[in-house]
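Student: Sequence and computational prediction follow.
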Amino acid sequence: MKCPFCGTPGTTVADTRISEDGDIVRRRRRCLSCDKRFHTCERAEILLPQVVKKNGSRVDFDREKLLASLWLALRKRPVTVEAVDAAIQGIVEKLLTQGEREIPSEKIGEMVMDELKKIDKVAYVRFASVYRNFEDVDAFSDLVNEVSSRPAPQPVR
Ligand SMILES: [Zn+2]
């Protein structure tokens, strides 16, 4: 496995875990060159659910598209690539462990908001304001208040 940070092919496996149902193999790896750590997750691709859109059509879950929308919300925000990758990984693992064959797109939107809330409040509000259809300004300010009462995000390393 090539290091995603520096491209060195030499990485060691520090830990291997198999999920309870045996569907996911998770490995913690360390790069021998830059010493950065990362996780890999092996699973059968077919286990990811179909996303049911609001108009009732179904599309394949698209990890890259989800990653792009997260980065759009996080534009110019002080977050690490690791934090964003971990957020995507968190969503994918949630989808896998739920084992549903179909999931409404709204559910994925909620998951994205949960993850963004943890890593960056501003991005969370950005995403939520686009994602949710606010009835009025009060609903939006309620959300802003909810966010500003939470603890500060972790500083960037
Ligand atoms: Zn490396």
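Tutor: Thanks, I have it. Numbers count the residues shown, from 1 in each chain.

Student: what helix or strand does the spatially most central residue of the chain sit in?
Tutor: Among the residues of the chain, the smallest C-alpha distance to the mean C-alpha position (CA atoms, centre = their mean) belongs to Ile88, namely 2.0 Å. Under the criterion of DSSP states H and E, Ile88 resides in helix 81-98.

Student: Same check on Ile103?
Tutor: Element membership for Ile103, per DSSP H and E: strand 102-104.

Student: Run the chain-centre distance for that strand.
Tutor: Taking CA atoms, centre = their mean, to the nearest Å, one finds the center of strand 102-104 at 17 Å from the center of the full chain.

Student: Poorly predicted segments of the chain, please.
Tutor: 44-47, 132-157 (pLDDT under 70).

Student: in it, which spans are helices?
Tutor: In the chain, helices defined by DSSP state H lie at 63-73, 81-98, 105-119, 121-131, 137-148, listed in chain order.

Student: Point out the residues in this structure that sit beside the ion.
Tutor: Within the chain, the positions lying close to the ion (CB under 5 Å from the ion) are 3, 5-6, 8, 31, 33-34. Every C-beta, even on glycine, is put in place using the N, C-alpha and C of the backbone.

Student: Good, wrapping up.
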